[in-house]
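J.: give the three-dimensional model of this entry:
(chains A, B, C and D)
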Number of protein chains: 2
Amino acid sequence: MLEERTVFIYFLKRKGLKLTQQREEILQAFLKMEEHLSTEDLYKVVKRKNPNIGHATVFRTLKLLIEAGIAREVYLGDRRVRFEHGHGHRHHDHLVCQVCSKLIDTVNPEIEKLQDDLCKKFDFIPTSHRLQIFGICKECKRKKRE
Amino acid sequence: MLEERTVFIYFLKRKGLKLTQQREEILQAFLKMEEHLSTEDLYKVVKRKNPNIGHATVFRTLKLLIEAGIAREVYLGDRRVRFEHGHGHRHHDHLVCQVCSKLIDTVNPEIEKLQDDLCKKFDFIPTSHRLQIFGICKECKRKKRE
DNA sequence: CTGACTGCAAACCCTTTGCACTAAA
DNA sequence: TTTAGTGCAAAGGGTTTGCAGTCAG
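T.: Below you'll find the predicted structure:
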């Protein structure tokens, strides 16, 4: 948790930007979150600590976090932009349950490897990727039977 | 091309819906398209044939096509919903060029296989998936060098 | 005939921006 | 003090819906 904060501070310094109370709070909220929150979700979390923070600040700070490589955008199928941790994390793949919306994160080195092969085949330089498998999770499957 | 039309007609009949001139035209335009068009794109294509068609009709018909399994939604990272063929087509993976926005479609049976394994591991029943690799395509890479 | 369909325009909803005020450095 | 940051509210921009007129069955 400390490390990402350091990255952010360096990033700000390098760009001549300032570390404000709000940015600090948003960063902390972002780092604590487990799931893939939307701007709105994060806004609500931060607002609990600091009731007069605005949407715009959350939005703008999130952009900075992305630029700094600390956050990453994910699209889960609705029209909302969601965020996940980016810095130093392997990019994981998602199993998305269409019944309960639960998300299972996973990393599969073999798939990763095949993706690289695929890129080579097309002479394509990858910067990031996103794998989502939609379906029904274990629990929901069980409930259906009951 | 005939087959999908049949599927659609059955679908409409089953739901007590009507096959209108507009729906026919939108279906044909959708089936002819090669790329991943947004509602807006498809609207423009159809409008050329039938200038007084409205956005809403395209939008609503697209929803029907999805329900009938003929179309499928894709999210490429902008805020647009895009569509691709769904019925009877293998789900292909995408290489998305971040410079020129070009899309390379591809299918990789090995990756497909590993995905199935992944699902089994989590006892997850997959219904569809989506793999997107973002990066720089061959042409744009070359241009950069020049 | 009758209920589904259409086009229009407006409502929606999330994202993004402009601006006058505030606060890091 | 200077310049970036903030909150507010409004603008954007794509998607969705309400409605009165229209048309397929």
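J.: tell me the contacts of the most centrally placed residue in chain A?
T.: What sits nearest the mean C-alpha location of chain A, by CA atoms, centre = their mean, is A:E84, with 1.1 Å. A:E84 sits next to A:H36, A:A71, A:R72, A:V74 when contact means CB atoms under 8 Å, 6 or more residues apart in numbering or on different chains. From N, CA and C alone the C-beta is placed, and that goes for glycine too.
J.: can we see that at 6 Å?
T.: By CB atoms under 6 Å, 6 or more residues apart in numbering or on different chains, the contact set of A:E84 is A:H36, A:R72, A:V74.
J.: mind giving me CSV with the residues you listed and columns for distance to DNA strand D?
T.: Rendered in CSV, the data for those read as follows (distance: CB to the nearest atom of the strand, whole Å):
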residue, distance to DNA strand D
A:H36, 20
A:R72, 20
A:V74, 18
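J.: residues of chain A that sit close to DNA strand D?
T.: Applying CB under 7 Å from any atom of the strand, we find that chain A lies next to DNA strand D at A:12, A:16-18, A:20-23, A:50, A:52-57, A:60-61, A:79.
J.: now A:K102: how far from B:E35?
T.: Separation of A:K102 from B:E35 (CB to CB, to the nearest Å): 33 Å.
J.: quick one, which of those two is more surrounded?
T.: Neighbour count, other CB atoms under 10 Å in any protein chain shown: between A:K102 and B:E35, A:K102 has more, with 14 against 11.
J.: what sits closest to the more buried one if chain neighbours are left out?
T.: Ranked by CB to CB, 6 or more residues apart in numbering or on different chains and with sequence neighbours excluded, the top spatial neighbour of A:K102 is A:C137, at 5.6 Å.
J.: any idea how far the one you found lies from B:H129?
T.: Noted for A:C137: a distance of 14 Å to B:H129, by CB to CB.
J.: next: A:Q28.
T.: Taken as CB to CB, the span from A:Q28 to B:H129 is 34 Å.
J.: next one: A:L19
T.: According to CB to CB, A:L19 and B:H129 sit 41 Å apart.
J.: pull out the buried positions in the lengthiest strand in chain A.
T.: Longest among the strand segments of chain A by residue count, using DSSP state E, is strand A:125-136. For strand A:125-136, the buried set under the neighbour-count rule, 16 or more other CB atoms under 10 Å in any protein chain shown, comprises A:I125, A:P126, A:H129, A:R130, A:L131, A:Q132, A:I133, A:F134, A:G135, A:I136.
J.: all strands for chain A, in order.
T.: Here chain A has its strands, by DSSP E, at A:37-38, A:71-75, A:81-85, A:93-97, A:103-106, A:125-136.
J.: list the buried residues in the helix or strand of chain A with the lowest mean pLDDT.
T.: When each helix and strand of chain A is scored by mean pLDDT, DSSP states H and E, helix A:138-145 comes last, with a mean of 77. Using 16+ other CB under 10 Å as the burial criterion, the residues of helix A:138-145 that qualify are A:C140.
J.: also stretch A:72-79?
T.: Neighbour-count burial for stretch A:72-79 flags A:R72, A:E73, A:V74, A:Y75, A:L76 (criterion: 16+ other CB under 10 Å).
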